[in-house]
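Asks: can you look at this prediction? I've put the sequence above it.
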Amino acid sequence: MKFGVSTVLTLTLLLASLACSHRKTYPLQGEVRGKDLTTNEVTVNHGDIPGFMPAMTMPYKVKNTAMLQELQPGDKIAAEVVVSKDGNDYWLEDVRITDESKRGKVKPTESHMLMPGERVPDVPLVNQDGQTIRLKDFAGKAVLVTFIYTRCPVPTFCPRLSSQFARIHNELKTTPDDYSKTQLLTISFDPKYDTPAVLRKYGLAYLEGDASGFSQWDFASTKEADMRRLAQAFGLSFQEQDNQISHTMNIALIAPDGTLVRSWFTEWTADELLKALRQAAHRSAKG
Amino acid sequence: MRLGKRQVWLQLLSLGICPVLAMTACSRQQQAGIDPQEVSAGEYGYEVHCAECHERPHPDLLKQPPNLHGVFMRKTLPSGAPSTDEQVRKTIIEGRGTMPAFDKRLSNEELDELVQYLHTLK
C-alpha cells in the first residue's frame, strides 16, 4: 500500500484530531469473518475507511449484543466505526446486514480468523536456539501466544507485551505445577531482522539473564508464508514500511488440545491473562 | 534523508492500527518545540525516538528506561559503560537490555545530531 506525503499528513492530522477533540465516526462496509461472544467482538474484512484505517481484516467490538448474536460469518454489513473521545477505544454502531446470502456458506478455512474451539495451524517455527518447534510440541500444555518485533519502539505495544509476559512468567515460576503445564510463546513477525540470535538476546533481557526460562517461554519466528497464515488465524495485522512495522496487538490462549480458547486485542491485563492461562492448564489436568 | 525518516514516522502513526498511536501523535504535537521547523534536528529526533520512553514513566514495562538528562556529565552511562559518543551510538543502534535496537532506522547524520543533542540535555 503506497501513501503519498499529503495522504500521510492528512491521515496523521485526522488521527491526531480524533484523539484531541471529540468522538468520531467513520462508515464501514465489509464482510463478517467471525465473532467471539466472550469479548463481544466481530471480525470484519473491510475496505478502506478513509481517515481511519486501510483495508484489512480485524476485530471490532459490537456493543449491541442483540445485533452481535444475529451476525454470522459470510454476512455483508454496513456500520459506523465509532472512536471514543480519548482515542483509546473504538467499536461498531448502527450495524446493518446488507446481504446475508452467503450466510453459512463460508466454510472455515485456514485463511479465516479462528473462532474459539477451532484448532490452531501447526506451522513450523524456529526458536531462539535455532531449533524448529511446532505448536503441537506443546500438546498437553496451555499456551499463551503473542506477536512482536524486537525493534518496536512504541512502549505501549511490543515492550508492554513482553514486559507483561515476563511478569506472567515470573508468577508461573512460583508455582511449579502451573509452570510445567503452561508455555509462553512470543512470535516475531519480522523474521528478516529477528534471527534466532536476536531473539535470544531479546528473550534474555526479559528473562533477566536466566536462560533456563526459555524452557517455558519460546521466542520464535517463521517464514513469511507461514507468518501470514498465523496472522490470518489469530487476526493479526502488520505492515512493514522502511524498517518500521505498524501492527495490531494480539494475544491468544491455546488449550492443551491445540484449540483456541480465546483472544485478546486492546484490553487486557497480565493478571487476567495469567488467570485464564492457569484455568486452561487446570482443565487439562482434569482431562 | 532526515525528512524521509520523518515521513516514515508519520506513516507509522497514520497506519497505526490502534488509536493509542493517535494519542501519541496528539501528545507529541501538543509538546512545545515539537514542530520540526522550530527545533534542532537532534531535539526533534530525541522527541520522536527517545522521549516517549525516557521522559515518561511506563509502569507496565519490566524496567523503567533511565532519564537521559545529564547523561554525558557523568563518567559512566546508566549501564555502567563509559559515557562516550561511541558507546551511546552503539547503544542506540544495537539496543541494550529491553531497549529496542534502532538499527537501520537512523542515518549516520541523524545519529550524530541525536548524540550532539544528548550532550546538551542538562
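Replies: Now that the structure is in, tell me what you want to look at.
Asks: low-confidence ranges in chain A?
Replies: Across chain A, the ranges flagged by pLDDT under 70 are A:1-22, A:38, A:86-88, A:106-112, A:284-287.
Asks: find the nearest non-adjacent residue to the residue sitting nearest the centre point of chain B, please.
Replies: Compute the mean C-alpha point of chain B, and by CA atoms, centre = their mean the closest residue is residue B:50, 2.0 Å away. Nearest residue to residue B:50, sequence neighbours excluded (CB to CB, 6 or more residues apart in numbering or on different chains): residue B:68, at 6.9 Å. Using the backbone N, CA and C atoms, a C-beta is placed for each residue, glycine as well.
Asks: neighbours of that neighbour, how many?
Replies: Residue B:68: 19 surrounding residues under other CB atoms under 10 Å in any protein chain shown.
Asks: shouldn't it be in contact with residue B:119?
Replies: No - counting by CB atoms under 8 Å, residue B:119 is not a contact partner of residue B:68; they are 10.7 Å apart.
Asks: related to what we said a few turns ago, ok, now which ones touch the residue nearest to residue B:50?
Replies: Each residue near residue B:68 by CB atoms under 8 Å, 6 or more residues apart in numbering or on different chains is listed here: B:50, B:54, B:118, B:121.
Asks: quick one: which of these sit in helices?
Replies: B:54, B:118 (DSSP state H).
Asks: distance to residue A:251 added to the contacts of residue B:68, as JSON lines?
Replies: Listed next are the contacts of residue B:68 as JSON lines, based on distance: CB to CB, whole Å:
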{"residue": "B:50", "distance to residue A:251": "27"}
{"residue": "B:54", "distance to residue A:251": "27"}
{"residue": "B:118", "distance to residue A:251": "35"}
{"residue": "B:121", "distance to residue A:251": "36"}
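Asks: just the buried subset of the contacts of residue B:68, written out for ChimeraX, thanks.
Replies: Restricted to buried positions by 16 or more other CB atoms under 10 Å in any protein chain shown, the ChimeraX selection for those reads:
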select /B:50,54,118,121
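Asks: give the bridge partners for the closest residue to residue A:46 other than its chain neighbours, please.
Replies: With CB to CB, 6+ apart as the criterion, residue A:46 has its nearest non-adjacent residue at 3.0 Å, and that residue is residue A:30. Beta-bridge partners for residue A:30, by DSSP bridges, are residue A:46, residue A:77.
Asks: my read: residue A:30 touches residue A:77, true?
Replies: Yes - using CB under 8 Å, residue A:30 makes contact with residue A:77 at a distance of 6.3 Å.
Asks: okay, the nearest residue to residue A:227 once chain neighbours are set aside and chain B: tell me how far apart.
Replies: Distances taken as CB to CB, 6+ apart place residue A:189 nearest to residue A:227, at 5.5 Å, with adjacent residues excluded. Going from residue A:189 to chain B by CB to the nearest CB, to the nearest Å gives 13 Å.
Asks: any idea how many residues pack against residue A:189?
Replies: The tally of other residues near residue A:189 (other CB under 10 Å) stands at 22.
Asks: what about the residue nearest to the centre of chain B, distance to residue A:170?
Replies: Counting by CB to CB, to the nearest Å, the gap from residue B:50 to residue A:170 is 28 Å.
Asks: helix, strand, or coil at the residue lying closest to residue A:33 once chain neighbours are set aside?
Replies: Leaving out its chain neighbours, the residue that sits closest to residue A:33 by CB to CB, 6+ apart is residue A:43, at 4.6 Å. When classified by DSSP: H, G, I helix; E, B strand; the rest coil, residue A:43 comes out as strand.
Asks: give the contact list for residue A:43.
Replies: By CB under 8 Å, 6+ apart, the contact set of residue A:43 is A:32-36, A:57-60, A:113, A:235.
Asks: pick out the most distant pair among those residues.
Replies: Across the contacts of residue A:43, no pair lies farther apart than A:36 and A:57, at 13.9 Å, counting by CB to CB.
Asks: where do the helices of chain B begin and end?
Replies: Assigned by DSSP H, chain B shows helices spanning B:2-15, B:19-30, B:41-45, B:51-54, B:85-94, B:108-120.
Asks: establish whether the shortest one and chain A are in contact.
Replies: Spelled out, that is helix B:51-54. Yes - residues of helix B:51-54 are located near chain A by CB under 8 Å from any CB of the partner chain, namely B:52-53.
Asks: what residues sit buried inside that helix?
Replies: For helix B:51-54, burial by neighbour count (16+ other CB under 10 Å) applies to B:51-54.
Asks: cool, stretch A:161-181 as well?
Replies: Residues A:161-169, A:171-172, A:178-179, A:181 are the ones in stretch A:161-181 that count as buried (16+ other CB under 10 Å).
Asks: now, the most widely separated pair of these?
Replies: For the buried residues of stretch A:161-181, the maximum inter-member distance is 23.3 Å, found between A:163 and A:181 (CB to CB).
Asks: ok, residue A:29 touching residue A:48?
Replies: No - when contacts are counted by CB under 8 Å, residue A:29 is not listed as touching residue A:48 (9.7 Å).
Asks: what is the burial count for residue 66?
Replies: No chain was given, so I picked chain A. Number of residues near residue A:66 (other CB under 10 Å) recorded here: 7.
Asks: nope, chain B please
Replies: Residues near residue B:66, counting by other CB under 10 Å, number 13.
Asks: list the contacts of the closest residue to residue B:43 other than its chain neighbours.
Replies: Using CB to CB, 6+ apart and skipping residues adjacent in sequence, the residue nearest residue B:43 is residue B:117, 5.3 Å away. If you count contacts by CB under 8 Å, 6+ apart, residue B:117 has them with B:40, B:42-43, B:45-46.
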